[in-house]
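**Student:** Compute the structure for the input listed below.
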Amino acid sequence: MRSYSQDLSKGLENVPVLVEDCVSQDAFANFQYVPENVPGPGCDLDPSAVTLPGCSCRAQSCLPDSCPCLQFGQVYDSRALLIQRQEDDSYTKPVFECNVLCACSDSCQNRVVQKGVEVHLGVFSTTDRGLGVETLDRLPCGLFVCEYAGEILSPHEARRRQLSQTPRDMNYIIAVQEHGGGDRVTQTFVDPVAVGNVGRFINHSCQPNLIMVPVRVHSLVPRLALFTNREIEQYQELTFDYGGGHNSNTDSQKLNEVPSYTPARSDDVKGLQRKACHCRESNCSGFLPLDVSVLH
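**Tutor:** Below you'll find the predicted structure:
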């Protein structure tokens, strides 16, 4: 069992985000911890601004059949676990939580991501993938673990940052595309490289135990929440698919990375070097997902 002590979040989370004792403080020298998204260059909508209406429910906890916040997407059960409206096995629908304008109580079961991290997490040093994150608790399926938080960027700024990277730089920018009715597509770009949270250190896997779901609380800007997609044992490493996995209505992918199930043609790569995947899963593609669409 690893030895942990320091709190990476410096008290900003409900529970300490512990760092393995052998990890050098130099690893966080240019990193500022924030528990939620912050506006970055080109962001024209403050992610902390209250831009969504509230419900008028007077009940202690809102009901799916009557609360307007629960008319779309996914909902939580009484244990705060994410559940499906449809009989399918994919977390593809967004979540709309009750917010500060809602009349329901703070104990409403539709308030989960906004309460922050409540799972005990440890940032540790891996053998071949830099830092990683493990759970120090046993986790049930559907539980909220943490956000993938950072600076919200404009498409132009995301592209500029991508083009400025060298082959030695790690890529952290995630692009999420939400497909609404008709041809409507909403894009969100999050970069936690310098300003971010514990989600920044979660590694990719071709068979992950977390899935990313856009959750809207007070703002139209989604919070990229990571939920467990199966039961996870204590001290198991947490992972998610940088390519978005099987999400059909929501595509989340690291910029300069496309889904690993879509082979990149040599004329698409434009000199970018594909990075090896070390997840060691039976379905591993051998490479991290690679998407060059932001460069066009």
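
**Student:** Report the central residue of this protein.
**Tutor:** In the chain, the C-alpha closest to the average C-alpha coordinate belongs to Tyr148, at a distance of 3.4 Å (CA atoms, centre = their mean).

**Student:** Surely that residue and Gly199 touch.
**Tutor:** Yes: contact between Tyr148 and Gly199 holds when scored by CB atoms under 8 Å: they sit 3.8 Å apart. Backbone N, C-alpha and C define where each C-beta goes, glycine included.

**Student:** Now the common contact residues for these two.
**Tutor:** By the contact definition CB atoms under 8 Å, 6 or more residues apart in numbering, Tyr148 and Gly199 are jointly contacted by 192, 224, 226.

**Student:** so where do the strands sit in the stretch 151-296 of the chain?
**Tutor:** Applying DSSP state E, counting those that start in this stretch to the stretch 151-296 of the chain gives strands spanning 151-153, 174-179, 185-191, 195-196, 203-204, 210-216, 223-228, 239-240, 250-254.

**Student:** Of those, give the one that comes closest to Asn99.
**Tutor:** The minimum distance between Asn99 and the strands of the stretch 151-296 of the chain falls on strand 210-216, with 8.5 Å, by CB to CB.

**Student:** That closest one to strand 174-179, inter-axis angle?
**Tutor:** Interaxial angle of strand 210-216 relative to strand 174-179 (axes from the mean of the first three to the mean of the last three CA atoms, to 10 degrees): 60 degrees.

**Student:** can you tell me the helix or strand for Val50?
**Tutor:** Using DSSP states H and E, no element contains Val50; it sits outside every helix and strand.

**Student:** residues touching Glu147, list them.
**Tutor:** Glu147 neighbours (CB under 8 Å, 6+ apart): 35-37, 113, 197, 199, 223-226.

**Student:** what angle do the helix ranked longest in the chain and strand 174-179 make?
**Tutor:** Secondary structure of the chain per DSSP state H: the longest helix is helix 155-163. Orientation check (the same axes, to 10 degrees): helix 155-163 against strand 174-179 gives 140 degrees.

**Student:** Give me the helices and strands touching helix 155-163, please.
**Tutor:** Where contact means 3 or more CB pairs under 8 Å, 6 or more residues apart in numbering; DSSP states H and E, helix 155-163 is packed against strand 185-191.

**Student:** Parallel or antiparallel, which strands does the strand it packs on pair with?
**Tutor:** The partner list of strand 185-191 in its sheet, established with DSSP bridges, is strand 151-153 (antiparallel), strand 174-179 (antiparallel).

**Student:** Show me what counts as buried in it.
**Tutor:** Taking 16 or more other CB atoms under 10 Å as the neighbour-count basis, strand 185-191 is seen to contain the buried residues 188-191.

**Student:** Now distance to Val17 too, for the residues you listed, in JSON lines please.
**Tutor:** Supplementary listing: the buried residues of strand 185-191 in JSON lines, determined by distance: CB to CB, whole Å:
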{"residue": "Thr188", "distance to Val17": "23"}
{"residue": "Phe189", "distance to Val17": "24"}
{"residue": "Val190", "distance to Val17": "18"}
{"residue": "Asp191", "distance to Val17": "19"}
